[in-house]
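Asks: Generate a structure from the sequence data that follows.
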Amino acid sequence: MINGGIAAGITFVIGTALVATTTTGGDDISPVIASPTPTPSPTPLCVPSWEVVPSDNLPETPVTLLGVSAVAASEAWAVGSVGDPTQPSLVEIQRWDGTEWTRSEAPSPGSFINELRAVDASEPNDVWAVGRTSSGFDESPLVLRFDGSAWAEVEVPDEVDGVLNDVAALAPNDVWAVGYVGDPAASLERALVLHWDGFVWEIVDVRRAVGGGKAMLRDVDAVSPTDLWVVGYQQNRPAILRFDGLAWSKSETEVPGELAAVEAFATSEVWAIGTPIQRFNGTAWIEVATIPGETTLVDVAAVGGADVWSVGSRPAGEVGAARVAVVHWDGRRWRFVDGPPVGGSDVLNAVDALPDGTVLAVGTRDLDTGRRTLAILGSTCPPVD
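Replies: Purely as a prediction, here's the structure:
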């Protein structure tokens, strides 16, 4: 994902494929596409790219975008918060019309904290957003639903505290949300799973699948109602859970590291994004790649099995500054995707994609004048033969 002219080379191995990348101006990385036997072609080789698209903001008020869900090429939702990112006061929801993002009205029920971290839609008139809210000392899960005309809060069980990090909406009567209860600062966090059956949210007990000790669930994705995947951590190891329609179980992995997101494209084609990237081949999890340059990847989405996008950030020149990172899997290897300079300290927090090639990602830009939203539109390529 990234900008500019060529200055240095970074080489890394993905499986058995050698991937060459070059840095630009000390900041930017653009792909070098290696071909063992170059052959003339009547058309230029397609290279995935991305561009910044307009997103909405409030004057002199920080706005953060944390989640995105694409319904169609001209219909998508992004969510986040308004105010101090550590204690945001209002939820933020924006809608994509194929050209730009514009703000939508939504309730912020908490007196002190309101934040949405993820959004997903089972259909255009059934969109769910989850996060956290607080009117006192403790935080509680926040769930909002769009029914085609307006956003409204949906109650969760009274006894549930904690935070929801992600949501997967399979149907109006089949929605899953994951996160944690307890205080991570005191190593007291425990995995939280909620399920919506069309009438109420119910707590799902996954303690046997997760295991004892501190645990957090960060992301959920589904192949079907009987094939769901969740990633997070348990103790100091990555945790991967799978639902077969009847019960949750642990999907064992021997690959160490951290996991932030999961993309379940097919039963035998599941990606777990983090450091490093893991892939499930239908039998076992295998390590595929570690993206160079201290890059942090936080979300992943697939156009197809050989067309997968992941986003995050990487360090910039100044201490504490960041630049957006976009990487792409073409069926053979992961490579950085080039894009224009953004300006400020910028990161991407979420990405979603559709089979028609639509790729949308959202995040933030921190400027001298304050925090602003960031949204990009990816341009993908035909599958590699």
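Asks: Could you use CA atoms for every contact and neighbour count after this?
Replies: OK.
Asks: mind checking pLDDT for L188?
Replies: Looking at L188, its pLDDT stands at 94.
Asks: correct me, but it touches G212?
Replies: No: under the criterion of C-alpha atoms under 8 Å, L188 makes no contact with G212, lying 11.1 Å away.
Asks: number of nearby residues for R207?
Replies: 16 (other C-alpha atoms under 10 Å).
Asks: contacting residues for it?
Replies: R207 makes contacts with A191, as judged by C-alpha atoms under 8 Å, 6 or more residues apart in numbering.
Asks: Look up the pLDDT of it for me, please.
Replies: 93.
Asks: Show me the helices in this protein, by range?
Replies: Per DSSP state H, the chain carries helices over the ranges 207-210.
Asks: where's the most centrally placed residue in it relative to A350, distance?
Replies: In the chain, the C-alpha nearest the mean C-alpha coordinate belongs to D299, at 2.8 Å (C-alpha atoms, centre = their mean). Counting by C-alpha to C-alpha, to the nearest Å, the gap from D299 to A350 is 5 Å.
Asks: joint contacts of the two?
Replies: V311, G312.
Asks: Could you list the low-pLDDT ranges of the protein?
Replies: Applying pLDDT under 70 to the chain flags residues 1-44, 383-385.
Asks: Name the residues of stretch 49-63 that are buried.
Replies: S49, W50, E51, V52, V53, S55, D56, N57, P62, V63 (16 or more other C-alpha atoms under 10 Å).
Asks: so who does the nearest residue to the fourth one once chain neighbours are set aside touch?
Replies: So that's V52. Distances taken as C-alpha to C-alpha, 6 or more residues apart in numbering put I376 closest to V52, at 4.3 Å, once the chain neighbours are dropped. If you count contacts by C-alpha under 8 Å, 6+ apart, I376 has them with W50, E51, V52, V53, L360, A361, V362.
Asks: can I get the residues you listed in CSV with distance to S69?
Replies: Below are these laid out as CSV (distance: C-alpha to C-alpha, whole Å):
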residue, distance to S69
W50, 17
E51, 18
V52, 17
V53, 16
L360, 8
A361, 9
V362, 10
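Asks: Between these, which sits nearest T99?
Replies: V53 (7.4 Å; C-alpha to C-alpha).
Asks: what's the spacing between stretch 189-207 and its chain's center?
Replies: Mean-position distance between stretch 189-207 and its chain equals 21 Å (C-alpha atoms, centre = their mean, to the nearest Å).
Asks: Just the C-alphas of it, formatted as CSV.
Replies: The C-alpha atoms that make up stretch 189-207 are tabulated as CSV, following Å, rounded to 0.1, in the frame of the first residue of the first chain:
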residue,chain,number,x,y,z
GLU,A,189,-10.0,-10.6,30.7
ARG,A,190,-12.1,-13.6,29.6
ALA,A,191,-13.6,-14.6,26.3
LEU,A,192,-17.1,-13.4,25.5
VAL,A,193,-19.4,-14.8,22.8
LEU,A,194,-23.0,-13.7,22.3
HIS,A,195,-25.6,-15.1,19.8
TRP,A,196,-28.7,-13.4,18.4
ASP,A,197,-31.6,-15.8,17.5
GLY,A,198,-34.0,-13.2,16.1
PHE,A,199,-35.4,-12.3,19.5
VAL,A,200,-32.7,-12.0,22.2
TRP,A,201,-29.0,-12.0,22.7
GLU,A,202,-27.8,-15.0,24.7
ILE,A,203,-24.4,-15.7,26.3
VAL,A,204,-22.6,-18.7,24.7
ASP,A,205,-20.3,-20.6,27.0
VAL,A,206,-17.0,-21.2,25.3
ARG,A,207,-14.8,-21.7,28.3
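Asks: pretty sure the residue nearest to the centre of the chain contacts S310?
Replies: Yes: using C-alpha under 8 Å, D299 is in contact with S310, at 5.6 Å.
Asks: quick revisit: and the gap between the residue nearest to V52 and S187?
Replies: Remark: distance between I376 and S187 (C-alpha to C-alpha) = 36 Å.
Asks: Can you show me the CA trace of stretch 256-271 as PDB?
Replies: The C-alpha atoms that make up stretch 256-271 are tabulated as PDB, following Å, rounded to 0.1, in the frame of the first residue of the first chain:
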ATOM      1  CA  PRO A 256       3.300 -18.800  17.800                       C
ATOM      2  CA  GLY A 257       2.700 -15.100  17.600                       C
ATOM      3  CA  GLU A 258      -0.400 -12.800  17.700                       C
ATOM      4  CA  LEU A 259      -3.600 -12.900  15.700                       C
ATOM      5  CA  ALA A 260      -5.800  -9.900  15.000                       C
ATOM      6  CA  ALA A 261      -8.300 -11.100  12.300                       C
ATOM      7  CA  VAL A 262      -9.700 -14.000  10.400                       C
ATOM      8  CA  GLU A 263     -11.100 -14.500   6.900                       C
ATOM      9  CA  ALA A 264     -13.000 -17.700   6.300                       C
ATOM     10  CA  PHE A 265     -13.300 -17.900   2.500                       C
ATOM     11  CA  ALA A 266     -14.100 -21.600   2.400                       C
ATOM     12  CA  THR A 267     -14.000 -24.600   4.800                       C
ATOM     13  CA  SER A 268     -10.500 -25.400   3.600                       C
ATOM     14  CA  GLU A 269      -9.400 -21.800   2.900                       C
ATOM     15  CA  VAL A 270      -9.100 -19.700   6.100                       C
ATOM     16  CA  TRP A 271      -6.600 -17.000   6.800                       C
END
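Asks: Flag every buried residue along it.
Replies: In terms of neighbour count (16+ other C-alpha under 10 Å), stretch 256-271 has its buried residues at E258, L259, A260, A261, V262, E263, A264, F265, A266, T267, V270, W271.
Asks: cool, stretch 206-213 as well?
Replies: Residues V206, R207, A209, V210 are the ones in stretch 206-213 that count as buried (16+ other C-alpha under 10 Å).
Asks: Make a markdown table from these and add distance to Y233 to it.
Replies: Shown next, in a markdown table, are the buried residues of stretch 206-213 (distance: C-alpha to C-alpha, whole Å):
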| residue | distance to Y233 |
| --- | --- |
| V206 | 13 |
| R207 | 13 |
| A209 | 12 |
| V210 | 9 |
